[in-house]
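**Q** The following block contains a protein sequence and its predicted model.
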Amino acid sequence: AAPGGPLAEAAALFAEGRFMEALDRYQAILKRDPVNIAALFGAGNVAKELGEFQGALTLYQTVLQLDPGSIEASNNLGSLLRQHGHYDEAVEVFREAIGRKQDAPRLWLNLGATLAQRRGPDDNANARLFYEEALRLDPQLAEAHANLAMLLRSMGELDQSFVHFRKALELKPDDNRLRLNHALTELAFGRLESGWRDYEVRHAPGMQKAIDYRHGLPRWQGEDLSGKSILVSGEQGLGDQIIFASCLPDVIDRAARVVVDVEPRLVPLFRRSFPKADIRAYAMTQENGRCVFTYDWLKPKPDLASPIGSLPRYLRARIEDFPQPDQGRQSYLRADAARVAAWRDKLAALGPEPKIGICWRSGLQTPERKRFYTDLAAWGPILTLPGLRFVNLQYDECAEELAVAAKEFGIAIADFSELDQRNDLDETAALISALDMVVTAPTAVQAMAGALGVPTLLLGSSWLTFSSGRFPFQPSVTLVHGTPEMPMLDRAAAILQERF
């Protein structure tokens, strides 16, 4: 047994990420002593890490019944509720705990974080006050500086945001997640050179989306590619790979040979769009919870390699380096011309009206992500516009939402359910290319439509705008923001009326 006995051994296993082994130890302790508070709390932490919401909830509540004054249990219970979108319940947990111990800075920190995620009418302002209270109680609390920095970024207070980011990094210089958030903030506000440089921290060991590229090739650092060969590897989500692919024409023009390995669903579309490159599906495995790319197929070996998200560091270091709206190059992906023609015929059969594709949310829905997306039921200002025909581009199960919208707004949204829009991206690209316009939340649909050069209204914000007022990677994308006088969906409806 580890020094300190079974509890210490279980805690050590938990710290190493060996959750099931830690759970076995905690359960053995609880079999002998069912009201061992430390074991109950530890088991709750394991359940939380394993995504077992109900189990973690029960364990934390049991700890608080046995020890109502446990600040740690209140913090973890409230954080669990917040993580699963139970914001009001989390607020009550934190407020009740603060009532017992007003000088606990992490309670104020977590209460602020809950309000910042809930985003009610006054929640941002109150979250700011609570973060500031946490820092009054503990000026060295790095998480409070980091959270306040992110909140201030969302509120447009750039200078103060960076003040708190710098302080957080002083306190936690080795926190790579914090460094990545700082990099994204730099990029969001147009500090491209330093932002792209710091964005490289996403590949640091232990980062959630870090990839172990096992090709053994030196990284491209922006040097001349004349006469050289280079491997460009996909990373992150589907939309990211599509957006960063806008840099591929530059690489292809500069290098003697370009090999690109990407998400398998993208291969047919990329092969047509970049015929001078060798497009492959990446070979991905999981090893100890980390994503690994293997390259047994890569022969002959290129001279250099780069993740696709690192290309902008050397090719898009200034806003002027992006395609300009008046330069004519509106697209870099190309759908199959025959399939586009077939879809135009199919769409024409719906009637003479302009055909508008719509997508209102991401297919990956978590409590944290949901707040960035809309509900189709709120699309009345758009869906009730006369003289337009709407086409469903939502790529997951949404039949019930379409039926509710049809009944509510008295329209029929065309839904080509025979097309697997999640997996058959080549055919989906043909459908999107046949449309007159796309209106979408920030999803892979926006990435695809913008890459194809289809006029696109992007609902909401994205760090990829770089505070430029446009979407520099894709000139055909128009940003749509709301104001107190004109909410976002009303603004989108006004743009549609202007254009059609």
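**A** The structure has been received and is ready for your questions.

**Q** Pretty sure Ser79 sits against Leu107.
**A** No: look at Ser79 against Leu107 with C-beta atoms under 8 Å: they stay out of range, at 10.7 Å. Using the backbone N, CA and C atoms, a C-beta is placed for each residue, glycine as well.

**Q** Could you check which of the two has the larger neighbour count?
**A** The neighbour count for Ser79 versus Leu107, taken as other C-beta atoms under 10 Å, is higher for Leu107 (27 against 19).

**Q** what helix or strand is the more buried one on?
**A** Taking DSSP states H and E as the definition, one finds Leu107 inside helix 105-118.

**Q** which secondary structure elements does that helix contact?
**A** helix 71-83, helix 87-100, helix 123-137, helix 142-154 (3 or more C-beta pairs under 8 Å, 6 or more residues apart in numbering; DSSP states H and E).

**Q** what's the closest of the ones you listed to Trp297?
**A** With C-beta to C-beta, the closest approach to Trp297 among these belongs to helix 71-83: 39.5 Å.

**Q** So for the closest one, what gets flagged as buried?
**A** Ala73, Ser74, Asn75, Asn76, Leu77, Gly78, Ser79, Leu80, Leu81, Arg82, Gln83 (16 or more other C-beta atoms under 10 Å).

**Q** likewise stretch 284-301?
**A** Cys291, Phe293, Tyr295, Leu298.

**Q** Kindly export that stretch (C-alpha atoms) in CSV.
**A** Extracted C-alpha coordinates of stretch 284-301, given in CSV (Å, rounded to 0.1, in the frame of the first residue of the first chain):
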residue,chain,number,x,y,z
MET,A,284,-5.8,7.5,-36.3
THR,A,285,-5.7,5.3,-33.1
GLN,A,286,-6.0,5.9,-29.4
GLU,A,287,-3.3,5.1,-27.0
ASN,A,288,-3.6,5.8,-23.2
GLY,A,289,-6.4,8.3,-24.0
ARG,A,290,-4.3,10.2,-26.5
CYS,A,291,-4.9,10.5,-30.2
VAL,A,292,-2.1,9.0,-32.3
PHE,A,293,-1.6,9.4,-36.0
THR,A,294,0.6,6.7,-37.7
TYR,A,295,2.3,6.9,-41.0
ASP,A,296,3.2,3.4,-42.3
TRP,A,297,1.6,4.4,-45.6
LEU,A,298,3.7,7.5,-46.1
LYS,A,299,6.3,6.6,-48.8
PRO,A,300,8.5,8.3,-49.8
LYS,A,301,8.8,10.4,-46.7
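
**Q** same question for it, mean pLDDT?
**A** In this model, stretch 284-301 has a mean pLDDT of 88.

**Q** residues in contact with it?
**A** By C-beta atoms under 8 Å, 6 or more residues apart in numbering, the surrounding residues in contact with stretch 284-301 are 17, 209-217, 229, 231, 233, 259, 261, 280, 282-283.

**Q** Out of the buried residues of stretch 284-301, flag the one nearest to Glu418.
**A** For the buried residues of stretch 284-301, the nearest to Glu418 is Cys291 (32.8 Å; C-beta to C-beta).

**Q** thought Asp175 was touching Ala142?
**A** Yes: counting by C-beta under 8 Å, Asp175 does reach Ala142; the two are 7.1 Å apart.

**Q** Mind pulling the model confidence for Glu372?
**A** Heads up, residue 372 is Phe, not Glu. 51.

**Q** Check the one 10 residues further on too.
**A** If you check Ile382, the pLDDT there is 96.

**Q** To what extent is it buried, counted in neighbours?
**A** Residues near Ile382, counting by other C-beta under 10 Å: 25.

**Q** Regarding the residue nearest to it when sequence neighbours are not counted, what is its secondary structure?
**A** Among residues not flanking Ile382 along the chain, Ala493 sits closest, at 4.9 Å (C-beta to C-beta, 6 or more residues apart in numbering). Under DSSP: H, G, I helix; E, B strand; the rest coil, the three-state class of Ala493 is helix.

**Q** count of neighbours near Ala493?
**A** Neighbourhood size, Ala493 [other C-beta under 10 Å]: 23.

**Q** re the thing from before, might you specify the subset of the contacts of stretch 284-301 located within helices?
**A** Under the assignment DSSP state H, these contribute nothing to helices.

**Q** so of these, which ones are in strands?
**A** Judged by DSSP state E, those include Ile211, Asp212, Tyr213, Arg214, Ser229, Leu231, Ser233, Val259, Asp261, Arg280, Ala283 as members of strands.

**Q** farthest pair in those residues?
**A** Longest span within the ones in strands among the contacts of stretch 284-301, C-beta to C-beta: Asp212 and Ser229, 21.9 Å.

**Q** These two - which one has more neighbours?
**A** A count of neighbours by other C-beta under 10 Å puts Ser229 above the other of Asp212 and Ser229, at 18 against 14.

**Q** Would you confirm that the residue nearest to Ile382 contacts Leu388?
**A** No: counting by C-beta under 8 Å, Leu388 is not a contact partner of Ala493; they are 9.9 Å apart.

**Q** Make JSON lines from the helices and strands packed on helix 105-118 and add distance to Trp360 and mean pLDDT to it.
**A** Below are those laid out as JSON lines (distance: least, C-beta to C-beta, whole Å; pLDDT from 0 to 100):
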{"stretch": "helix 71-83", "distance to Trp360": "24", "mean pLDDT": "94"}
{"stretch": "helix 87-100", "distance to Trp360": "22", "mean pLDDT": "94"}
{"stretch": "helix 123-137", "distance to Trp360": "23", "mean pLDDT": "96"}
{"stretch": "helix 142-154", "distance to Trp360": "21", "mean pLDDT": "93"}
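
**Q** residues in contact with Met488?
**A** Met488 makes contact with Thr374, Leu459, Gly460, Val480, His481, Gly482 under the criterion C-beta under 8 Å, 6+ apart.

**Q** Would you mind measuring from the closest residue to Ala113 other than its chain neighbours to Gln208?
**A** Nearest residue to Ala113, sequence neighbours excluded (C-beta to C-beta, 6+ apart): Asn147, at 5.7 Å. Distance, Asn147 to Gln208, using C-beta to C-beta, to the nearest Å: 18 Å.
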